[in-house]
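Enquirer: have a look; sequence and predicted model below, questions after that.
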Amino acid sequence: MFGPKSMNKALCGCGALVDLDTSVVQRKKGLGKRVECVSCRNRRVATEREMLDRHFQGIDEEEHAFL
């Protein structure tokens, strides 16, 4: 839990290099997920949250396009 950890450098889809713990990189690969930099992850989470908010408010994608 404490002490030196094995770190890997990974390439995000936007081209940024990311320093991640080796176990995190292996877990993401095992789950078929992409490695993301902080900016890309924040953008993805914000987009997903906005989509969920619209869904639970009953706003369709078509209605949202006209707002």
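Expert: Here it is on my side, so go on.

Enquirer: where does residue 52 sit: helix, strand or coil?
Expert: helix (DSSP: H, G, I helix; E, B strand; the rest coil).

Enquirer: neighbours of it, just the number please.
Expert: When neighbours are counted by other CB atoms under 10 Å, residue 52 registers 10. Using the backbone N, CA and C atoms, a C-beta is placed for each residue, glycine as well.

Enquirer: distance of it from residue 58?
Expert: Residue 52 sits 12 Å away from residue 58, going by CB to CB, to the nearest Å.

Enquirer: do residue 14 as well
Expert: 33 Å.

Enquirer: got the contact list for residue 30?
Expert: Applying CB atoms under 8 Å, 6 or more residues apart in numbering to residue 30 gives no contacts.

Enquirer: element containing it?
Expert: helix 22-31 (DSSP states H and E).

Enquirer: determine how far that helix lies from the middle of the whole chain.
Expert: Remark: helix 22-31 is offset 14 Å from the chain centroid, using CA atoms, centre = their mean, to the nearest Å.

Enquirer: what mean pLDDT does it get?
Expert: Average pLDDT, helix 22-31: 90.

Enquirer: okay, it in PDB with CA atoms only?
Expert: Extracted as PDB, the C-alpha positions of helix 22-31 are listed here (Å, rounded to 0.1, in the frame of the first residue of the first chain):
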ATOM      1  CA  THR A  22       1.300  -0.800 -13.600                       C
ATOM      2  CA  SER A  23      -1.700  -2.600 -12.100                       C
ATOM      3  CA  VAL A  24      -4.000   0.100 -13.300                       C
ATOM      4  CA  VAL A  25      -2.700  -0.200 -16.900                       C
ATOM      5  CA  GLN A  26      -3.000  -4.000 -16.800                       C
ATOM      6  CA  ARG A  27      -6.600  -3.800 -15.300                       C
ATOM      7  CA  LYS A  28      -7.700  -1.400 -18.000                       C
ATOM      8  CA  LYS A  29      -6.200  -3.600 -20.800                       C
ATOM      9  CA  GLY A  30      -8.000  -6.600 -19.200                       C
ATOM     10  CA  LEU A  31     -11.300  -4.800 -19.200                       C
END
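
Enquirer: appreciated, that's everything.
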